[in-house]
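Student: My questions are about this predicted structure, shown below with the sequence.
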Amino acid sequence: AQSVTQLDSQVPVFEEAPVELRCNYSSSVSVYLFWYVQYPNQGLQLLLKYLSGSTLVKGINGFEAEFNKSQTSFHLRKPSVHISDTAEYFCAVSFQGGSEKLVFGKGTKLTVNP
Amino acid sequence: DAGVIQSPRHEVTEMGQEVTLRCKPISGHDYLFWYRQTMMRGLELLIYFNNNVPIDDSGMPEDRFSAKMPNASFSTLKIQPSEPRDSAVYFCASSFRLAGGSTEAFFGQGTRLTVV
């Protein structure tokens, strides 16, 4: 079965610390990978995406993610977080050759403390 | 473009009443998705359309839910009759097919539905 797992439901960090939000997927076919961010009372906004090519993908707000096919992972990283990064982050996958729908993980709530 | 527009932003209704949520996708996008977000179940895909045609409605919870897309610029999600367990945030998203076959979804601000 095709699925997405975000291992951490909540991640608290201090301001200016590095952060990694983990995402693993399960699929028998090749995938496209996305990270979305949701600020309170807002819709989801695309942070970055991996479609093909370089496995290291850079997105908005200083975030980056690395696609690791052997480990079926797409972890999101930022070297130094700000208070304003406090939000919920969703990993999503769509499957090549399949339907166009995105399958989302359960989300990781990142809280950046001063 | 103004992005995906959903209305209303908030809806409070009594159990048993009909509720209609509305969505205007981004012009030129040929896919439209309806998602529901709850604390317990996260983001669930309810239904999606391609070129105004429903493709997959397997996520629609039950017959009380129905969705339509009469034209490329408008879609509705209707719940009749509504129940308290339908309380959630409902998102509409639209997308287009990228080169290579993937799609990138753009989300509206959501409609927060409360059924009392």
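Tutor: Right, received. Where do you want to start?
Student: And the strands in chain A?
Tutor: With DSSP state E as the criterion, chain A has strands at A:3-5, A:10-14, A:19-21, A:24-26, A:31-38, A:44-50, A:56-58, A:64-68, A:73-78, A:87-95, A:103-104, A:108-113.
Student: what residues does chain A put near chain B?
Tutor: A:32, A:34, A:36, A:42-46, A:49, A:51-52, A:90, A:92, A:94, A:96-97, A:99-107 (CB under 8 Å from any CB of the partner chain). Backbone N, C-alpha and C define where each C-beta goes, glycine included.
Student: ok, of these, which come out buried?
Tutor: A:32, A:34, A:36, A:43-44, A:46, A:49, A:51, A:90, A:92, A:94, A:100-107 (16 or more other CB atoms under 10 Å in any protein chain shown).
Student: give me the low-pLDDT residue ranges for chain A?
Tutor: Counting by pLDDT under 70, chain A contains low-confidence ranges at A:1, A:97-99.
Student: residue contacts, the residue nearest to the spatial centre of chain B?
Tutor: Central residue of chain B (CA atoms, centre = their mean): residue B:34, 2.8 Å from the mean position. Shown in contact with residue B:34 (CB atoms under 8 Å, 6 or more residues apart in numbering or on different chains): B:23, B:45-48, B:67, B:75, B:77, B:90-92.
Student: Please name the strands paired to the helix or strand harbouring it in the sheet, noting orientation.
Tutor: Here residue B:34, judged by DSSP states H and E, is contained in strand B:31-38. Partners of strand B:31-38 in the sheet, by DSSP bridges, are strand B:42-50 (antiparallel), strand B:88-95 (antiparallel).
Student: Identify the residues contacting residue B:63.
Tutor: By CB under 8 Å, 6+ apart, residue B:63 has no neighbours at all.
Student: Local confidence estimate at it?
Tutor: pLDDT, residue B:63: 91.
Student: I'd like the distance between it and chain A.
Tutor: 21 Å (CB to the nearest CB, to the nearest Å).
Student: and that residue, which of the three is it?
Tutor: coil (DSSP: H, G, I helix; E, B strand; the rest coil).
Student: Need phi/psi at it.
Tutor: Backbone geometry at residue B:63, expressed as degrees, to the nearest 10, gives phi -60, psi -10.
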